[in-house]
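J.: show me how the following folds:
(chains A, B, C and D)
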Number of protein chains: 2
Amino acid sequence: MPYRRTPAVQERLDATRAAIVGAAHALVGERGYAGCSVALVATGADVATGTVYRHFPDKGALFAEVFRVATQREVDAVAAAAAKPGTVAERVEASVETFARRALRAPRLAYALIAEPVDPQVEAERLTYRRAYRDIFATLVADAVAAGDLPPQDAEVSAAAVVGAMAEALVVPLHAGGGSRRTVPDLVAFVIRALGAAP
Amino acid sequence: MPYRRTPAVQERLDATRAAIVGAAHALVGERGYAGCSVALVATGADVATGTVYRHFPDKGALFAEVFRVATQREVDAVAAAAAKPGTVAERVEASVETFARRALRAPRLAYALIAEPVDPQVEAERLTYRRAYRDIFATLVADAVAAGDLPPQDAEVSAAAVVGAMAEALVVPLHAGGGSRRTVPDLVAFVIRALGAAP
DNA sequence: CCAACAAGTGAACCCCGGTTCAGACCTTCG
DNA sequence: CGAAGGTCTGAACCGGGGTTCACTTGTTGG
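T.: Residues are numbered from 1 along each chain as shown, chains lettered A, B, ... in the order given. Take a look at the predicted model:
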């Protein structure tokens, strides 16, 4: 057996793979999904086009991973905000604010994750992204309803509506870049009223 | 001058154009935007591929028109519901119900209009679609706030959030086909609470 | 009927970005 | 070192759907 993959080689492979994902991630953040060709990703990662295909079966799989990682980061941040101790209103406020602040800080990435047209394979990843947000809010709502802190309501529907409200209210700001300083507080107030939380 | 376009010819041209738009509309309703090739549209309209290009400069322009027409029909229906006399809650209920009922009755079309990946040219049309809905609700909210029927709030943000809430709450039903019978009433209740209307 | 021109046709073209693969180069271990 | 087998490269390939255009088929008015 004259060749066996050595730890050092494996490390280099992992590094290359990470560089590819990193380059793709950076590109999405800069130009959106539309501006991401495999050739450009390869250039960004300092490898040849073909090398990308030694790490991913196809483009969709690469960007599914990119979206998955980027998503997880976002969802974790919001989940952490939602889990903080406090009243329902405070937790909702923290969650919505976290979501909005991060989106407005990286608008192109947020737009890609939320609304940009993408391949079906990547779209599927996006559905799990939205689902993860729904789950965060659904849990929050269900617990609060059970504890009597919110009026009776279908937690799933309310959570979906909250996610949609956040996304839509930010689409214009994300396109226009910036948005009014009042947008986020107004959105927070909207969601708190919508869930029926005491302010 | 041996040839001049006669009224009869013009009528035939108009009919052909309408047939093309109609076929495209039907196709979107059946298979979504993704399943709409120009060749298929031509077949549906009983013309040759090239004929499509005698009526539209390119595919984007054709589908921009299709989306525009389909959109207008939807928006008009919701606007009519929003304009009915009654309390704010009643008008909101009528609007949301109209939107949801129509979307659930033609789920593929609704999905295409709301969320399916499309060309940028068509995407632009979709933005005006969402804008039109926002305007309906923004007007409703602004008037009601002025009349003291709703608490103070930014009408634009609230309207955008309502549109997003409606869209997101229906995305899953649109995919899964059907959705719970309770979804629409729950959504109505959510929106009424969100705007702060007396039930 | 015919000249002049419009409308319709659909097979061929083209573009473009994802994908491939034959060859160059590298790593391992006896 | 050299055999065995991996890894990398990037130019070439390819598919598919939008688009074109030389040609056929109307249509008009004299």
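J.: show the pLDDT at A:Ile20.
T.: Predicted confidence (pLDDT) for A:Ile20: 98.
J.: list the contacts of the host helix or strand of it.
T.: Here A:Ile20 sits within helix A:7-31, counting by DSSP states H and E. Residues outside helix A:7-31 that contact it (CB atoms under 8 Å, 6 or more residues apart in numbering or on different chains): A:35-36, A:40-47, A:51-52, A:55-56, A:62-63, A:65-66, A:69-70, A:106, A:108-109, A:112. The way it works is simple: take the backbone N, C-alpha and C, and place the C-beta from them, glycine included.
J.: which bits of chain A sit near DNA strand C?
T.: Counting by CB under 7 Å from any atom of the strand, chain A comes close to DNA strand C at A:1-6, A:8-9, A:36-39, A:49-50, A:53, A:58-60.
J.: now list the buried members of those residues.
T.: The neighbour-count test (16 or more other CB atoms under 10 Å in any protein chain shown) marks A:Cys36, A:Val38, A:Lys59, A:Gly60 as buried among those.
J.: got a list of what the closest residue to the last one other than its chain neighbours touches?
T.: Nearest residue to A:Gly60, sequence neighbours excluded (CB to CB, 6 or more residues apart in numbering or on different chains): A:Gln121, at 3.3 Å. Contact criterion CB under 8 Å, 6+ apart gives A:Gly60, A:Ala61, A:Phe63, A:Ala64 as the residues in contact with A:Gln121.
J.: for chain A, give me the ranges with low pLDDT.
T.: A:1, A:176-179 (pLDDT under 70).
J.: mind telling me which residue of it is nearest DNA strand D?
T.: Closest to DNA strand D within chain A is A:Gly50: 1.7 Å, counting by CB to the nearest atom of the strand.
J.: per-domain residue ranges of chain A.
T.: Listed domain ranges for chain A are A:1-56, A:59-195 (source: automatic domain parsing).
J.: what about the contacts of A:Gln121, which are in helices?
T.: The helices, defined by DSSP state H, take in A:Gly60, A:Ala61, A:Phe63, A:Ala64 from these.
J.: so A:Ala100 sits against A:Ala165, correct?
T.: No: A:Ala100 is beyond contact range of A:Ala165, at 11.0 Å (criterion: CB atoms under 8 Å).
J.: neighbour count winner among those two?
T.: The residue with more neighbours, out of A:Ala100 and A:Ala165, is A:Ala165; 30 against 21, by other CB atoms under 10 Å in any protein chain shown.
J.: grab the nearest non-local neighbour of the more buried one.
T.: Distances taken as CB to CB, 6+ apart put B:Ala161 closest to A:Ala165, at 3.6 Å, once the chain neighbours are dropped.
J.: who's in contact with the one you found?
T.: A:Ala165, A:Met166, A:Glu168, A:Ala169, A:Leu187, A:Phe190, A:Val191, B:Ala194.
J.: can you tell me which residues contact A:Val88?
T.: Contact partners of A:Val88, counting by CB under 8 Å, 6+ apart, are A:Leu140, A:Ala144, A:Asp149, A:Leu150, A:Leu195, A:Ala197, A:Ala198.
J.: you'd agree the fourth one is up against A:Leu140?
T.: No: the pair A:Leu150 / A:Leu140 is not scored as a contact, 9.1 Å apart, by CB under 8 Å.
J.: those residues of chain A touching chain B, which are they?
T.: When proximity is defined as CB under 8 Å from any CB of the partner chain, chain A approaches chain B at A:34, A:117-120, A:123, A:130, A:151, A:153-154, A:157-158, A:160-169, A:171-172, A:180, A:182-183, A:186-187, A:189-191, A:193-196.
J.: just the buried subset of the residues you listed, written out for PyMOL, thanks.
T.: Only the buried entries of these go into this PyMOL selection, using 16+ other CB under 10 Å:
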select buried, chain A and resi 117+118+123+130+153+154+157+158+160+161+162+163+164+165+166+167+168+169+171+172+183+186+187+189+190+191+193+194+195+196
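J.: mind checking which of the residues of chain A next to chain B are in helices?
T.: A:120, A:123, A:130, A:157-158, A:160-169, A:171-172, A:183, A:186-187, A:189-191, A:193-195.
J.: residue nearest the centroid of chain A?
T.: A:Thr71 (3.2 Å; CA atoms, centre = their mean).
J.: any idea what sits nearest that residue, other than its immediate chain neighbours?
T.: A:Tyr129 (4.3 Å).
J.: neighbours around that neighbour, how many?
T.: By the measure other CB under 10 Å, the count of residues near A:Tyr129 is 20.
J.: so it sits against A:Asp76, correct?
T.: No: counting by CB under 8 Å, A:Tyr129 stays clear of A:Asp76, with 12.0 Å between them.
J.: now stretch A:62-72 - C-alpha only, CSV.
T.: Output of stretch A:62-72 as CSV, limited to C-alpha atoms (Å, rounded to 0.1, in the frame of the first residue of the first chain):
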residue,chain,number,x,y,z
LEU,A,62,-21.8,23.9,-2.3
PHE,A,63,-24.2,26.7,-1.8
ALA,A,64,-26.6,24.6,0.2
GLU,A,65,-23.7,24.3,2.7
VAL,A,66,-22.9,28.0,2.5
PHE,A,67,-26.5,28.8,3.2
ARG,A,68,-26.7,26.2,6.0
VAL,A,69,-23.7,27.7,7.8
ALA,A,70,-24.7,31.3,7.3
THR,A,71,-28.2,30.4,8.4
GLN,A,72,-27.1,28.6,11.5
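J.: for it, buried residues please.
T.: In stretch A:62-72, counting by 16+ other CB under 10 Å, buried: A:Leu62, A:Phe63, A:Ala64, A:Glu65, A:Val66, A:Phe67, A:Arg68, A:Ala70, A:Thr71.
J.: list the contacts of A:Val188.
T.: A:Val92, A:Glu93, A:Val96, A:Glu97 are the contacts of A:Val188 under CB under 8 Å, 6+ apart.
J.: change it to 6 Å
T.: Going by CB atoms under 6 Å, 6 or more residues apart in numbering or on different chains, A:Val188 touches A:Glu93, A:Val96.
J.: fine by me, thanks again.
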